[in-house]
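**Q** Based on what follows, work out the 3D shape:
(one chain, ligands or ions: 1)
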Amino acid sequence: MTFPKNFLWGGDISANQAEGGWNEGGKSPNMTDYHLGGNINTPRMATYIMPDGTRGKTPAIMECLNLPKGAKLAVFEDEFYPNHKATDFYHHYKEDIALFAEMGFKVLNLTLSWARVYPWGVEKGINKQGIEFYHNVFSECKKYNIEPLVHLYKYDMPAFYITEKGGWRNRELIDEFVTFAQTAVNEFQEVTYWSTFNEINVLQAIAIEKDNQANYEKLHNQLVASARVVKYVHDNYPQKKIGCMVAGLFTHALTCDPLDEAANQKQMQDIYYYCADTFVRGHYPSYAQRLWKELGVNLYISEQDRNDLENGKVDFLEFSYYSSNVITTHKNEGQGVSGNLLGGFKNPYLQVSDWGWAIDPAGLKYFMHEMYDRYQIPLFNCENGLGAYDTLEENGTVHDTYRIAYHKEHIKAMGEAIDEGVDLMGYTTWGCLDLVSAGTGEIRKRYGFIYVDVDDKGNGTYRRYKKDSFYWYKKCIESNGKDLD
Ligand code: BG6
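**A** Presented below is the predicted three-dimensional model:
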């Protein structure tokens, strides 16, 4: 296995899941600040208030929620909101980045909180404290020669855009986002690697909002916004690289029945390739017409939108990869499993995580080939990890052999794919520092190499501890992926 010399090894965190400081430094509340915690059986809910003062809760995941008419998102003092303090990167970033440096990170994948930079929209102006915070974070990274890879959007739009403007369905949001992005790119000259949207395809996978027309309009607006930002970076900063990211909602056919193969091909087109085909190739794929027809979607695409998409093709494709699912036309075929946004039938060949997600390193290699053959642009595996229960021992150690085994197999798979011709720029492990789970809101669903002493209700010292995987990943990076034992 030969990882390239300049391979970008590192880790990944996101503002809303790690930063905390939800109402500090001039930040306005974002969508996830209204999310309560859930667990494997209980979905996350957002809290709201009706004009007559009655309180309510509605299912909310990532950027999707369904607010009743007239409801306003609201935070209540007697409820606990895990993202408010998260794992407090906001106050611990120096210590955390020093720990990342100790592991040898070449890159830190993180997101900007839009609500920290433009808390109340472009018209109300930039928040200088937010800008200063991110300059501090980046200069801390640079101190250790860690390149920041900065995502501009990850499920955390300032909440007033939803309640006052109708969210992404409103085309004004395109201009708001593009201005925010241009400001960020101009301001943070120290950043070379940018990405527009994190897991842009989640809107297609989350079933909370059942309005297909609305969802596909939102997604269209995001794809156009993304393309405009890509073009802006290409025109003004040709030395920088910019990508966009898809959630790795990868599926296999459960059986060799050709009907299963066809159903799986359709699933992959509809939920995975639809966005990537558009932002890599610069136009919607041919099967989009079929999909829109099936969903009853009538999408208005202006000439300007088409030009924007055509002129805003990304430099690299980022994907997340946690697990895979299976698709079948055969009913009642085996048991059900959960997964990253997608659930489905159990793959009889794979083990599952504590949260029931299938563990599929061979699938990683397979899908990397599929993507690279399709697009022929560099790939970036920017989220991969195992959510598991960890035990902090009395002496401050955490023996997470299961996490080491998980990463080891996935790194091997990536190495083989590279050896077989795939161009992979980098690998950032998800939640390298423990953080709040996006799907369930738990902290005990830990992904990190660094343990944060806090529980699902926010109790704890927030002290950081190095897990066994911390030392293992350090060795892996030092040896450029050769020493995985
Ligand atoms: C990814 C998201 O899809 O899955 C992350 O980008 C998320 O934000 C990760 O944390 C793992 O999912 P979960 O639900 O275990 O946090």
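
**Q** Which positions in stretch 205-217 come out as buried?
**A** Across stretch 205-217, burial judged by 16 or more other CB atoms under 10 Å covers 205, 206, 214, 215, 216, 217. (C-beta placed from N, C-alpha, C; glycine too.)

**Q** Which ones among these lie within strands?
**A** Judged by DSSP state E, the buried residues of stretch 205-217 include no members of strands.

**Q** Output those as JSON lines; include the columns pLDDT.
**A** Putting those into JSON lines (pLDDT from 0 to 100) gives the following:
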{"residue": "205", "pLDDT": "83"}
{"residue": "206", "pLDDT": "78"}
{"residue": "214", "pLDDT": "91"}
{"residue": "215", "pLDDT": "92"}
{"residue": "216", "pLDDT": "95"}
{"residue": "217", "pLDDT": "95"}
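
**Q** Turn the residues you listed into TSV, including distance to residue 478.
**A** Below are the buried residues of stretch 205-217 laid out as TSV (distance: CB to CB, whole Å):
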residue	distance to residue 478
205	37
206	39
214	49
215	45
216	46
217	48
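
**Q** Find the closest residue to the ligand in the stretch 251-400 of the chain.
**A** Nearest residue of the stretch 251-400 of the chain to the ligand: residue 387, at 4.4 Å (CB to the nearest ligand atom).

**Q** Could you pull up the contacting residues of that residue?
**A** Residue 387 is in contact with 322, 353, 354, 355, 357, 431, 437, 445, 446, 447, counting by CB atoms under 8 Å, 6 or more residues apart in numbering.

**Q** Setting aside sequence neighbours, what's the nearest residue to it?
**A** residue 445 (4.2 Å; CB to CB, 6 or more residues apart in numbering).

**Q** now swap in residue 29 and tell me
**A** residue 159 (4.9 Å).

**Q** contacting residues for the residue of the chain found nearest the ligand?
**A** Nearest residue of the chain to the ligand (CB to the nearest ligand atom) works out as residue 439 at 2.6 Å. Residues near residue 439 by CB under 8 Å, 6+ apart: 44, 61, 62, 340, 341.

**Q** mind running it again at 7 Å?
**A** residue 61 (CB atoms under 7 Å, 6 or more residues apart in numbering).

**Q** Next: the one 10 residues further on.
**A** Residue 449 sits next to 103, 432, 467, 469, 470, 473 when contact means CB under 7 Å, 6+ apart.

**Q** mind checking pLDDT for it?
**A** The model reports residue 449 with a pLDDT of 98.

**Q** Okay, it and residue 369: tell me how far apart.
**A** According to CB to CB, to the nearest Å, residue 449 stands 28 Å off from residue 369.

**Q** What of residue 355?
**A** Taking CB to CB, one finds residue 355 at 27 Å from residue 369.

**Q** Pick out whichever of the two has more residues nearby.
**A** residue 355 (22 against 15; other CB atoms under 10 Å).

**Q** Wait, a helix at the more buried one?
**A** No - counting by DSSP: H, G, I helix; E, B strand; the rest coil, residue 355 is not found in a helix; it is coil.
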